[in-house]
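>>> All I have is the shape, not the residue letters:
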């Protein structure tokens, strides 16, 4: 199974993804590691990516997802996946790929970005992410303001990963 943790910058995708992967004993990958140097340079300069910039990045991740599925690996992938069309590229097998959307306010995520050090995503680009965000309808939607532990517990219950639950699935 592949779980894609999505949301705008500052939503906590990497934090939640790593914690969930640790809890489930799965592997974690960050979508940022699939970006080209040109994309990283552009974002580091405060220039938002456009669709033409994102498509090769999404295809790289889709190829990785297809390989992970072929190898029957359980993976957590943190990826913004802001538009429905982007998710369509990534989700090649809906039965084995689940989306978790970390939803929150601009102010919450801006506060987190202000506190972040050494990351190419700049606060000035946050509004551009909210502008293109198409909230998913087929996803586990989580309040990103909750604590990481609360979020991970909620995700596990909603996914009904029975071997990791002490109680009945919700």
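All right, it came through fine. In this text, all values refer to a predicted model and were calculated from it rather than measured experimentally.

>>> List the buried residues in stretch 23-36.
For stretch 23-36, the neighbour count (16 or more other Cβ atoms under 10 Å) marks 23, 24, 26, 28, 29, 30, 31, 32, 34, 35 as buried. The way it works is simple: take the backbone N, C-alpha and C, and place the C-beta from them, glycine included.

>>> And stretch 1-15, end to end?
Counting by Cα to Cα, to the nearest Å, you get 19 Å between the two ends of stretch 1-15.

>>> Please list the residues outside the one helix or strand residue 66 maps to that contact it.
Assigned by DSSP states H and E, residue 66 belongs to helix 51-70. Contact partners of helix 51-70, identified using Cβ atoms under 8 Å, 6 or more residues apart in numbering, comprise 2, 29, 31, 34-36, 38-39, 42, 75, 77, 79, 86, 89-90, 92-93, 96-97.

>>> rerun at 6 Å
Contact with helix 51-70 is made by 2, 34, 35, 39, 75, 86, 89, 90, 92, 93, 96, as judged by Cβ atoms under 6 Å, 6 or more residues apart in numbering.

>>> In strands only, show me those.
2, 75 (DSSP state E).

>>> Just the buried ones from the contacts of helix 51-70?
Buried by 16+ other Cβ under 10 Å: 2, 34, 35, 39, 75, 86, 89, 90, out of the contacts of helix 51-70.

>>> From the chain's centroid, how far away is the least confident helix or strand in the chain by mean pLDDT?
When the helices and strands of the chain are scored by mean pLDDT, DSSP states H and E, helix 37-44 comes last with a mean of 84. In terms of Cα atoms, centre = their mean, to the nearest Å, the centre of helix 37-44 is set 19 Å apart from its chain centre.

>>> go on, stretch 27-40?
12 Å.

>>> try stretch 82-89
Distance, stretch centre to chain centre, for stretch 82-89: 12 Å (Cα atoms, centre = their mean).

>>> do stretch 80-98 as well
On Cα atoms, centre = their mean, the centre of stretch 80-98 falls 11 Å from that of its chain.

>>> Also stretch 7-14?
With Cα atoms, centre = their mean as the basis, stretch 7-14 stands 7 Å off its chain's centre.

>>> Lovely, talk soon.
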